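Asker: sequence first, then the predicted structure:
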Amino acid sequence: MKEKVVYWITGSQTLYGADVLEHVAKHSEEMANYVNEKMPVTVKYLTTCKSSDEIVAAMKKVNADEDCIGIITWCHTFSPAKMWIKGLSILQKPMCHFATQYNEKLPYDTIDMDFMNENQAAHGDREFGYIVSRLRMDNKVIVGYYKDKKALKQLAAWCRAAAGIAFSKTVKVCRFSDNMRDVAVTEGDKVEAHIKFGWQVDYYPIGDLVQYIEKVTDGEVDALMKEYEKKYVMKTDRIDVVREQAKYEIAIDKFCKEKGGYIGIVDHFGALHGLNQLPGIAIQDLQSKGYGFGAEGDWKVAAMGAVMQYMAGQKGTGLMEDYTYDFADELVLGAHMLEVSPQFAGTKPEIQVHPLGIGGKSDPARLVFEGIESPDAVAVSMIDMGDRMRLIIQKIDLVKWPHHMPNLPVGGLMWKIKPDFKTGVAAWIYAGGAHHTVVSSELTVQDMVDLANMWGIESVVIDENTKIEQFKKDLMYSDVIWKNR
Ligand code: MN
């Protein structure tokens, strides 16, 4: 992600003379360099803008630069905002307005009018904010001294989201099946998703994959088996069953790469003609390498999984499914029939082979493990409301399994829900959140809200502040607002 660049653009004007502008440029560079070290992306000072033409030129550069994912703007001095109109009108990338200063404290003993003229962010930020507001731009405002840890944390979240937006535009999902018959929540408008998020969602008959599977060589399987043995514990003597999964993994990976760079994968336990097992460890291992996966045709989860994996640096992120509750201890057990990413493993994953009661295929090999612990994780669901997409973001605490589950041959997570079990579950259901989610221990609610804002879609947050009656009212207001957009 550090390859991605956010340009720092400073606003000023020529009124204060060349000396001041020299200081402004020097300060801006120093601040951008400091901020850069704390960000997951590269932050680079671009220029100090003093006129409409300069701003238009800067925005053209930002739009055309493929590595650039967004801009940070800041007004060191007063920057008359009419000159920002043309430039901001053509800006095609996310913008964060950093209301900051070169100095943290006022120099009470020495402050004079020269200092006032050179350091008037409080003044310039307002003028700039007016025009952004007038242009109805949905930008982010972050306030704080540029070394302030909280402000930098917010800025890092925004940078991750901006990088996620750029990555999202490249996401292609390969579907080996339609979504599951009769299931509602995994449906959705793929054309709208292509327009809003840039997701290209393509269908291929599973037979096309079978042709790839048939071409996998023993040597390729041997190499991947060595990788499995290094990362996982072989707890089966049915090696042929595991080798079959390795074959699937190699074939799927090759298929996705050769057919044009698919980073999301969708399959369906009921559409496996030509395969004798449901892909288990194959999909689990692919998720550990950055692929997003959606089960039962769930292409929205596959695409979200890919985007969130990218944002999370391929850690602690993947498909999850709300399975069953422990009402006594107010916990949720999340898992799937096989395909839980080893990025969620809190114990060393074991390769096991067991029958699968669904799909009518032979016993599949899968990774079995207990889940990680991680406070302040997120569970995310994207649903199609018919006239818009809604992103539901729930704050959860991933907890250590309170008991071993020796008869449960899958990987899984257990979590506590914010603000409390009953409120959190009710809110999720009122909002229409799906059973399939993408969970991430690395991403925060703020990352996901920023992402939704940059996409220009509705987001719904369930966290420690959620109160059910207010939440239901918010959903009603939100419905009116989003219907009219
Ligand atoms: Mn499922």
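Answerer: Thanks, I have the structure now.
Asker: residue contacts, the closest residue to the ion within the stretch 1-150 of the chain?
Answerer: Using Cβ to the ion, the single residue of the stretch 1-150 of the chain nearest to the ion is M1, 29.7 Å away. Placement of C-beta: from N, CA and C, glycine included. With contact set as Cβ atoms under 8 Å, 6 or more residues apart in numbering, M1 has these partners: P40, V41, R160, A163, Y310, G313.
Asker: show me what residue of this protein gets nearest to the ion.
Answerer: A295 (4.3 Å).
Asker: my guess is that residue contacts V340, does it?
Answerer: No - A295 is beyond contact range of V340, at 10.1 Å (criterion: Cβ atoms under 8 Å).
Asker: between these two, who's got more neighbours?
Answerer: In this view A295 and V340 are compared by other Cβ atoms under 10 Å, and V340 has more residues nearby, 31 against 25.
Asker: how about the nearest residue to that one, chain neighbours excluded?
Answerer: Excluding its sequence neighbours, the residue lying closest to V340 (Cβ to Cβ, 6 or more residues apart in numbering) is G411, at 3.7 Å.
Asker: shouldn't that neighbour be in contact with Q352?
Answerer: No - taking contacts as Cβ under 8 Å, G411 lies outside contact range of Q352: 10.4 Å.
Asker: the more surrounded of these two?
Answerer: Per other Cβ under 10 Å, whichever of G411 and Q352 has more neighbours is G411, with 28 against 23.
Asker: phi first, then psi, for the more buried one.
Answerer: Phi and psi for G411, reported as degrees, to the nearest 10, are phi -90, psi 150.
Asker: partner residues bridging it?
Answerer: G411 has the following beta-bridge partners by DSSP bridges: F369.
Asker: adjust the sequence numbering to begin at 493 for everything that follows.
Answerer: Will do, 493 is the new start, and the previous item becomes G903.
Asker: tell me who's in contact with it.
Answerer: Contacts of G903 (Cβ under 8 Å, 6+ apart): 776, 827, 832-834, 836-837, 841, 858-863.
Asker: strands - which of these land there?
Answerer: In strands, judged by DSSP state E, the following of the contacts of G903 are found: A827, R858, L859, V860.
Asker: wasn't G699 part of a strand?
Answerer: No - if the criterion is DSSP: H, G, I helix; E, B strand; the rest coil, then G699 is helix and not within a strand.
Asker: hang on, the earlier thing: contacting the ion as well, which ones from the ones in strands among the contacts of G903?
Answerer: Among the ones in strands among the contacts of G903, no residue lies close to the ion (Cβ under 5 Å from the ion).
Asker: now for these: which two are most distant?
Answerer: Using Cβ to Cβ, the pair of the ones in strands among the contacts of G903 lying farthest apart is A827 and L859, separated by 11.7 Å.
Asker: and these two? Which one has more around it.
Answerer: Per other Cβ under 10 Å, whichever of A827 and L859 has more neighbours is L859, with 31 against 21.
Asker: wait, isn't that one in contact with V845?
Answerer: No - in this structure, L859 is not within contact of V845 by Cβ under 8 Å, at 11.3 Å.
Asker: let's see the pLDDT reported for the residue of the chain closest to the ion.
Answerer: In this model, A787 is scored at 97, pLDDT.
Asker: show me what contacts it?
Answerer: V758, D759, H760, F761, V793, L811, E813, H828, M829, E831, H928.
Asker: what touches both of A787 and V832?
Answerer: The contact lists of A787 and V832 share L811, where a contact means Cβ under 8 Å, 6+ apart.
Asker: quick one, grab the pLDDT at the residue of the stretch 493-642 of the chain closest to the ion.
Answerer: Looking at M493, the pLDDT reads 93.
Asker: if we can go back for a sec, filter the contacts of A787 down to just the buried residues.
Answerer: Buried members of these, counted by 16 or more other Cβ atoms under 10 Å: V758, D759, H760, F761, V793, L811, E813, H828, M829, E831, H928.
Asker: near the ion, which residues of this structure are found?
Answerer: A787, E788, E813.
Asker: which of those residues fall within strands?
Answerer: Residues of the residues of the chain next to the ion located in strands (DSSP E): E813.
Asker: wait, what's in contact with the one residue sitting closest to the centre of the chain?
Answerer: Taking Cα atoms, centre = their mean as the criterion, M800 is the residue nearest the geometric centre of the chain, at 2.9 Å. M800 sits next to G656, G784, T809, V872, V930, S932, L935 when contact means Cβ under 8 Å, 6+ apart.
Asker: in ChimeraX, how would I select just the buried ones from the residues you listed?
Answerer: In ChimeraX syntax, the buried subset of the contacts of M800 is picked out as below (16+ other Cβ under 10 Å):
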select :656,784,809,872,930,932,935
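Asker: now, which of the contacts of M800 lie within strands?
Answerer: G784, T809, V872, V930, S932.
Asker: please verify my assumption that the last one contacts V872.
Answerer: Which is S932. Yes - checked against Cβ under 8 Å, the pair S932 and V872 is within contact range at 7.4 Å.
Asker: by mean pLDDT, point me to the weakest helix or strand of the protein.
Answerer: helix 605-610 (a mean of 92; mean pLDDT, DSSP states H and E).
Asker: helix, strand or coil for Q769?
Answerer: Going by three-state DSSP: Q769 is coil.
Asker: for it, which non-adjacent residue is spatially closest?
Answerer: P856 (4.0 Å).
Asker: next up, the contacts around the one you found.
Answerer: Counting by Cβ under 8 Å, 6+ apart, the residues that P856 touches are V733, Q737, Q769, L770, P771, G772, L830, V845, H846, L848.
Asker: output the residues you listed in TSV, with neighbour count and pLDDT appended to each entry.
Answerer: Formatted as TSV, the contacts of P856 follow (neighbours: other Cβ atoms under 10 Å; pLDDT from 0 to 100):
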residue	neighbour count	pLDDT
V733	20	97
Q737	29	98
Q769	23	96
L770	27	96
P771	29	97
G772	30	98
L830	27	96
V845	22	98
H846	16	97
L848	18	94
